[in-house]
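Colleague: my questions are about this predicted structure, shown below with the sequence.
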Amino acid sequence: MRGRALLTMTLSSIAMNIVAHKAASTSRLRPEVNSSITFPNSVSRPFGAARVPLTVLDCKPVFFRRRWPVVREGAAEDAAQPGLTRQTLVAAALRVLEREGIAGLSMRKVAAELGVKAASLYWHVRNKEQLLDLLTDELMADAEPPPRQGDWREQLREYSLRYRRHLLAKRDSAKVVAGRLALGPNLLRLMEEQLDRLREAGFSDADAALANYLLGAFVQGFVLQEQSPISASETEGASRSEVARAAADRLRGLPETTFPNLVALAGDLTAPSMEDRFAFGLERLLDGLAALLAENRAHSTAEPAPLEGKPSTHE
């Protein structure tokens, strides 16, 4: 009891000192003492205050700054939500991507799609970049591997055509996957199948690895251009063909003495469809790989056979 009384008196003293100092600091004159307020003998008091007992009920409580963490209201809702997994998170991100494109994809909008707070997502991904890694692999979930039929060139041609169609069917997918190496199960499956066809065709390990990268970069880069506006006119409602025709007219109207090639090739530069452009680039890429494969085969057959009784330097 004595301890409680001491604590009460100490708190009362602190409270009254705060009141007295605050009153003195806001007035140039000596503050008038309210005779209705009394103080105990042991409490510091303003000059002239009566020395009579003061009960705890006469004092206002004093709140000290807390030194322990404060649990924010609603923090429990930010914890991992029941039923929220990486798979459901990625599925929601795909829906946002399809509806609003890469520019509209954010952690906040994905959380809204799931009906949770954004903080809940960080139990499953560190940031948006990690979410894009997961999206990259998920976008490849239904992509088809190179076929087994035909020779290596037919296989890679068909695979590249399929891959382009696959990316075009998903809004802004090339903007997500281009340049991103996210080694999830779906991408690993596709890479394994493609490397199998290249090595089976006779490409060296190093050439197979580089060809694998080259094909992916070509298709992704091409689709990246297709999924980007060709000009401001397209964003304002014009079709690509209309933009191309306007570009052709502009090229034909240039001074021929300054731009003879642009004027002469105005139609050739703007007329081909994207399918024709893709097919042209793909065939030239395959031509290069065929030349590389033929060169490697010629080099391997041109190597002299080891002398009888002398081990080969390649063994």
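Modeller: That came through fine. Residues are numbered from 1 along each chain as shown.
Colleague: next, the buried residues of stretch 119-131.
Modeller: 120-121, 124-125, 131 (16 or more other C-beta atoms under 10 Å). Placement of C-beta: from N, CA and C, glycine included.
Colleague: need those residues in a markdown table (columns: distance to Tyr163).
Modeller: Output for the buried residues of stretch 119-131, formatted as a markdown table (distance: C-beta to C-beta, whole Å):
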| residue | distance to Tyr163 |
| --- | --- |
| Ser120 | 34 |
| Leu121 | 30 |
| His124 | 29 |
| Val125 | 26 |
| Leu131 | 23 |
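Colleague: in strands, which of those residues appear?
Modeller: Members of those lying in strands (criterion: DSSP state E): none.
Colleague: what sits against the closest residue to Leu251 other than its chain neighbours?
Modeller: Closest residue in space to Leu251, ignoring its immediate chain neighbours: Ala266 at 3.7 Å, by C-beta to C-beta, 6 or more residues apart in numbering. Neighbour list for Ala266: 248, 251-252 [criterion: C-beta atoms under 8 Å, 6 or more residues apart in numbering].
Colleague: look up how far Ser233 lies from Ala266.
Modeller: Taking C-beta to C-beta, to the nearest Å as the measure, Ala266 falls 17 Å from Ser233.
Colleague: how about the helices of the stretch 51-200 of the chain, start to end?
Modeller: Under the criterion DSSP state H, counting those that start in this stretch, helices of the stretch 51-200 of the chain are mapped to 75-78, 86-100, 107-114, 118-121, 128-139, 152-168, 173-177, 185-201.
Colleague: may I see the buried residues of the second one?
Modeller: Which is helix 86-100. 89-90, 92-94, 96-97.
Colleague: what about Phe222, neighbour count?
Modeller: 21 (other C-beta atoms under 10 Å).
Colleague: buried stuff in the host helix or strand of it?
Modeller: Using DSSP states H and E, Phe222 sits within helix 205-226. Buried residues in helix 205-226, counted by 16+ other C-beta under 10 Å: 207-208, 211-212, 215-216, 218-220, 222-224, 226.
Colleague: export those residues to TSV and tack on pLDDT and distance to Leu286?
Modeller: Converted to TSV, these look like this (pLDDT from 0 to 100; distance: C-beta to C-beta, whole Å):
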residue	pLDDT	distance to Leu286
Asp207	96	14
Ala208	96	14
Ala211	97	10
Asn212	96	14
Leu215	96	9
Gly216	95	14
Phe218	97	10
Val219	97	13
Gln220	96	17
Phe222	96	14
Val223	96	18
Leu224	93	21
Glu226	91	20
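Colleague: tell me which two of these sit farthest apart.
Modeller: Asp207 and Glu226 (28.4 Å; C-beta to C-beta).
Colleague: would you mind measuring from Leu105 to Ser233?
Modeller: 25 Å.
Colleague: and the two? Which one has more around it.
Modeller: Leu105 (22 against 15).
Colleague: pull the contacting residues for that one.
Modeller: Leu105 neighbours (C-beta under 8 Å, 6+ apart): 93, 96-97, 128.
Colleague: now render the residues you listed as CSV, adding pLDDT and distance to Thr257.
Modeller: What follows is the contacts of Leu105, written out as CSV (pLDDT from 0 to 100; distance: C-beta to C-beta, whole Å):
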residue, pLDDT, distance to Thr257
Ala93, 94, 54
Val96, 95, 53
Leu97, 95, 49
Lys128, 90, 52
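Colleague: if we can go back for a sec, for Pro146, see how far away the residue nearest to Leu251 is.
Modeller: For Ala266, the distance to Pro146 - C-beta to C-beta - is 38 Å.
Colleague: and what of His166?
Modeller: 13 Å.
Colleague: between those two, who's got more neighbours?
Modeller: Pro146 (24 against 17).
Colleague: just give the nearest non-adjacent residue to that one, would you?
Modeller: Tyr159 (3.8 Å).
Colleague: ok, that neighbour - contacts?
Modeller: 144-147, 194, 197, 215.
Colleague: buried subset of these, written for ChimeraX?
Modeller: Buried subset of those, written as a ChimeraX selection, criterion 16+ other C-beta under 10 Å:
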select :145,146,194,197,215
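Colleague: now, among the contacts of Tyr159, which is nearest to Val177?
Modeller: Among the contacts of Tyr159, and counting by C-beta to C-beta, the member closest to Val177 is Leu215, at 13.5 Å.
Colleague: residues in contact with Leu89?
Modeller: 110, 114, 121, 124-125, 131, 134.
Colleague: what about it, distance to Ala118?
Modeller: In terms of C-beta to C-beta, Leu89 sits 11 Å off from Ala118.
Colleague: repeat for Ala264
Modeller: 56 Å.
Colleague: just to revisit the earlier point, can the buried residues of helix 205-226 go into a markdown table with extra columns for distance to Arg180?
Modeller: Supplementary listing: the buried residues of helix 205-226 in a markdown table, determined by distance: C-beta to C-beta, whole Å:
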| residue | distance to Arg180 |
| --- | --- |
| Asp207 | 24 |
| Ala208 | 21 |
| Ala211 | 19 |
| Asn212 | 15 |
| Leu215 | 16 |
| Gly216 | 11 |
| Phe218 | 16 |
| Val219 | 14 |
| Gln220 | 9 |
| Phe222 | 16 |
| Val223 | 14 |
| Leu224 | 12 |
| Glu226 | 18 |
